[in-house]
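1. with the sequence up front, the predicted model follows.
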Amino acid sequence: MKFRVVLTALLAFAAISTSAQAQDIEAGKKKAEACVACHGANGNSVAGAFPVLAGQNPRYIYLQLKDYKEGRRSNPMMSAVAQGLEKQDMQDLAAYFGAQKQVRTGFKTDPARVKAGAAKAEESLCAMCHLGGMSGQNEVPRVAGQHPEYVLNQFKNFKSRERHNDAGNMTSLAQTLSEEDMTNLAHWISDLY
């Protein structure tokens, strides 16, 4: 009998949690309407200057929005957008974009660069943080299938220390990468899906 009560309580809690999550995603969908111009429908950006948000780790999205709002990450447009967001807005947007299906960007990778990028990623131990397939985890972004232009720009921003909201991990790695390494890694990352 006691087991049934506990099980019933757990199932009820799970139903409430799922319902709350669905509400967050639905609220995020409405809030994301303003994001479409740059990040594309459902977070699948068609322009290389803007990251694909579809399928991204919700915790990562939330933390990046928070960093833009608090000045730890800077971009004229995103910093301005983030100023108008409250914590719940950021959580809703993160839940929405994280629940969307990522689609291929359509970038034509160079097989030689993909091979060189894979070798550099193995040498640099990228999977230690980003996991296998560059699927990311928690505060570490999913980079698989990302636009190569965006990836390359982020590597350059970390190398120049223009971007530094990474606890030093990417900033340190970027110091060891040549322009060729960064380009090869961008091709390899874009080729993953």
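-> That came through, no problem.

2. excluding its backbone neighbours, what's nearest Cys126?
-> Met134 (6.9 Å; Cβ to Cβ, 6 or more residues apart in numbering). Bear in mind the C-beta positions are built from the backbone N, C-alpha and C, glycine included.

3. how near is that neighbour to Gly55?
-> Met134 sits 12 Å away from Gly55, going by Cβ to Cβ, to the nearest Å.

4. list residues touching both of the two?
-> Listed as contacting both Met134 and Gly55 by Cβ atoms under 8 Å, 6 or more residues apart in numbering are Arg142.

5. domain parsing of the chain, as residue ranges.
-> 2-99, 111-191 (automatic domain parsing).

6. helices of the chain, residue ranges please.
-> 2-31, 36-39, 58-70, 76-83, 87-99, 111-124, 127-130, 148-159, 169-175, 179-191 (DSSP state H).

7. which one, of those helices, ends up nearest to Asn138?
-> Nearest to Asn138 among the helices of the chain is helix 58-70 (5.0 Å), distances taken as Cβ to Cβ.

8. any idea of the mean pLDDT for the closest one?
-> Throughout helix 58-70, pLDDT has a mean value of 97.

9. now do it against helix 87-99, angle only.
-> For helix 58-70 against helix 87-99, the angle by axes from the mean of the first three to the mean of the last three Cα atoms, to 10 degrees is 140 degrees.

10. packing partners for helix 58-70?
-> Secondary-structure packing of helix 58-70 (3 or more Cβ pairs under 8 Å, 6 or more residues apart in numbering; DSSP states H and E): helix 76-83, helix 87-99.

11. what's the average pLDDT for the last one?
-> Okay, so that is helix 87-99. 97.

12. give the buried residues for that helix.
-> Within helix 87-99, the residues scored as buried using 16 or more other Cβ atoms under 10 Å are Asp89, Met90, Gln91, Asp92, Leu93, Ala94, Ala95, Tyr96, Phe97, Gly98, Ala99.
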